[in-house]
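>>> build the 3D model from these lines:
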Amino acid sequence: MSQWVVLSGRLSDLDNSATPHKVMTSRDYLARPGLFRGQRPKIINLSRSYAYQSRSYYASLLAEARGHRVIPSVETMIDLSEKKLYENSLPELEAALRKACDKGEPPASPIRIYFGYAGDQRLERFAKLVFDWFRAPALDIHLEPKVDAPTIRRIAFSALGKLDDGEMARLYAAMERYTAREWRTAKTKTPAKYAFATLYDPREELPPSSVDTLKHWARVAARLGVDVEPITRKDLPRLANFDALFIRETTSISNHTYRFARRAMQEGMPVIDDPISMIRCTNKVYLNELMAANGVGCPPSLMVAGREDLKRAADELGFPIVLKVPDGSFSRGVKKVEDFAALEKLAMAWLEDSDLLIAQKFMPTKFDWRIGVLGGEALFAVQYLMAKSHWQIINHETGGRPMEGGFKTFALGDAPPHVLDAGLRAARCIGDGLYGVDLKETDDGVFVIEVNDNPNLEHGVEDQVEKDEVWTRLTRWFVDRIER
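Alright, predicted model coming up:
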């Protein structure tokens, strides 16, 4: 597992006994490129100055070149060198700051933040947001004096060389919280080489993987020298303690799953699902255009932006029509309408919350397939059956718990080659991660309905035929990208 290494301008600047991590000077780190050969340490750069082309600057620059994860990165150093480079962050930060101070005295300036922690309990969420924007050990947030609401004048690195003993103790405490791991190590015969975080929500009604499934993956990964550990949305500050992230909550670019994916990318960690895949897959408008541009067969579709588009949709597609909200998931935001009156009523209701909808020709099918694709190669092939007395695989209109249909899993060698080919071509348009491509096999050919990031991966379903090979390949996908 990766070790933490703390860099300092001089060893005398730091109390080595205050941290269990390896401490060395930035000079030694620069001069000894082979010191961590074959390892992937995580570097915390606590030098006195982060000025352009300083020794500290080069330490972070070379850390990235050596494949070491480093905080702060050169990008952060450059961003904080001039206000105009970080102005786009100020509206969100100032809104959070004002909300935190809404019912009390404004904080003293500067607000000092260590690894996303501030001494004032009111500022806890603000401090974490600052750390999301600027991954730095210590920051000073300077406020404008004598204004009605707290306004940020400047964001700067704290002068570590001028901290007194009390401030240094706070810095050390925050650093240990940041680097701490609270999860029990898996019981393997040899120490784990890597630790993967798995983001899940124990209360989610229809998670992409159940807790029992994640435990099964942990057992398979342990045989390959990998710890798989569960984390929840509250664990974002500790994400850097891991080597990779697998998101097993239903993803959305408007909730914490996107922030986790973005943070993992900032940390240089391989992640499923990555932010770009989330953006591309969660919007059916984008997917429809992307598939068409790449010659991937899709059902005839039209964009609906207002009432004036409905007659054209009815004339060109005929009834029944499938109407879709762009960012629906797990069959949510997808309904079939049988006539123009139903189309108009549903479309106008949905257009109150979404600027665009998709109207799609309804296609009766011989079979509905999902092809799982990982790293551009087929991972599983499943036929999902429709929920009882319903036209989708999940019926959300039961008045209670959603009802799911059955499934039939195929060996990859037994799945129809033309179905596999269509699934692979669609997934490769999105990226290199894990995708579930939904396809309809009809008398006229195979058509891609959508490409899902965050697809279902359930022990006993998608892996029913390929067995643990599914989980072994998933583990190796992460390890290969860590070691690149």
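>>> return the helix or strand in this structure with minimum mean pLDDT.
Lowest on mean pLDDT, DSSP states H and E among the helices and strands of the chain sits strand 394-395, with a mean of 52.
>>> element containing the residue lying closest to Gly116 once chain neighbours are set aside?
Counting by C-beta to C-beta, 6 or more residues apart in numbering, Gly116 lies nearest to Phe131, which is 3.2 Å off, once chain neighbours are set aside. (Each C-beta comes from the backbone N, C-alpha and C, glycine too.) Using DSSP states H and E, Phe131 maps to helix 124-133.
>>> what's in contact with that helix?
Helix 124-133 is contacted from outside by 86, 89, 92-93, 96-97, 100, 111, 113, 115-118, 139, 141, 155, 236-237, 259, 262-263, using C-beta atoms under 8 Å, 6 or more residues apart in numbering.
>>> just the buried residues of those.
When these are checked for burial by 16 or more other C-beta atoms under 10 Å, the buried set is 86, 89, 93, 96-97, 100, 111, 113, 115-118, 139, 141, 155, 236-237, 259, 262-263.
>>> quick one: which of those residues sit in strands?
Judged by DSSP state E, the buried ones among the contacts of helix 124-133 include Ile111, Ile113, Tyr117, Ala118, Leu139, Ile141, Ile155 as members of strands.
>>> dump those residues to JSON lines, plus pLDDT.
Converted to JSON lines, these look like this (pLDDT from 0 to 100):
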{"residue": "Ile111", "pLDDT": "94"}
{"residue": "Ile113", "pLDDT": "96"}
{"residue": "Tyr117", "pLDDT": "92"}
{"residue": "Ala118", "pLDDT": "92"}
{"residue": "Leu139", "pLDDT": "96"}
{"residue": "Ile141", "pLDDT": "96"}
{"residue": "Ile155", "pLDDT": "96"}
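>>> most widely separated two among those residues?
Spanning the widest gap among these are Tyr117 and Ile155, at 16.2 Å by C-beta to C-beta.
>>> how much space between Glu87 and Arg259?
Distance of Glu87 to Arg259, given as C-beta to C-beta, to the nearest Å: 21 Å.
>>> related to what we said a few turns ago, now render the ones in strands among the buried ones among the contacts of helix 124-133 as a markdown table, adding distance to Thr213.
Below are those laid out as a markdown table (distance: C-beta to C-beta, whole Å):
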| residue | distance to Thr213 |
| --- | --- |
| Ile111 | 43 |
| Ile113 | 38 |
| Tyr117 | 34 |
| Ala118 | 38 |
| Leu139 | 40 |
| Ile141 | 43 |
| Ile155 | 43 |
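>>> how much space between the residue nearest the centre of the chain and Ile253?
In the chain, the centroid-proximal residue (C-alpha atoms, centre = their mean) is Ala261; its distance is 2.0 Å. Distance, Ala261 to Ile253, by C-beta to C-beta: 9 Å.
>>> what do you get for Asp201?
Asp201 is 17 Å from Ile253, by C-beta to C-beta.
>>> just the strands in the stretch 251-400 of the chain please.
Applying DSSP state E, counting those that start in this stretch to the stretch 251-400 of the chain gives strands spanning 271-272, 301-304, 321-324, 334-337, 357-361, 367-374, 377-384, 394-395.
>>> so which of the ones you listed is the most surrounded?
Among the strands of the stretch 251-400 of the chain, strand 271-272 has the highest mean neighbour count (mean count of other C-beta atoms under 10 Å), at a mean of 25.
>>> wait, Ala244 touches Met269, no?
Yes: look at Ala244 against Met269 with C-beta atoms under 8 Å: they come within range, at 5.5 Å.
>>> shared neighbours of the two, anything?
Common neighbours of Ala244 and Met269, using C-beta under 8 Å, 6+ apart, are Ile482.
>>> related to what we said a few turns ago, thought the residue nearest to the centre of the chain was touching Ile276?
No: using C-beta under 8 Å, Ala261 is not in contact with Ile276, being 9.0 Å away.
>>> how's this structure carved up into domains?
4-79, 83-177, 181-273+467-484, 300-361, 367-466 (automatic domain parsing).
>>> dump those into JSON lines; add distance to Thr282 as well.
What follows is the domains of the chain, written out as JSON lines (distance: least, C-beta to C-beta, whole Å):
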{"stretch": "domain 4-79", "distance to Thr282": "26"}
{"stretch": "domain 83-177", "distance to Thr282": "20"}
{"stretch": "domain 181-273+467-484", "distance to Thr282": "6"}
{"stretch": "domain 300-361", "distance to Thr282": "5"}
{"stretch": "domain 367-466", "distance to Thr282": "7"}
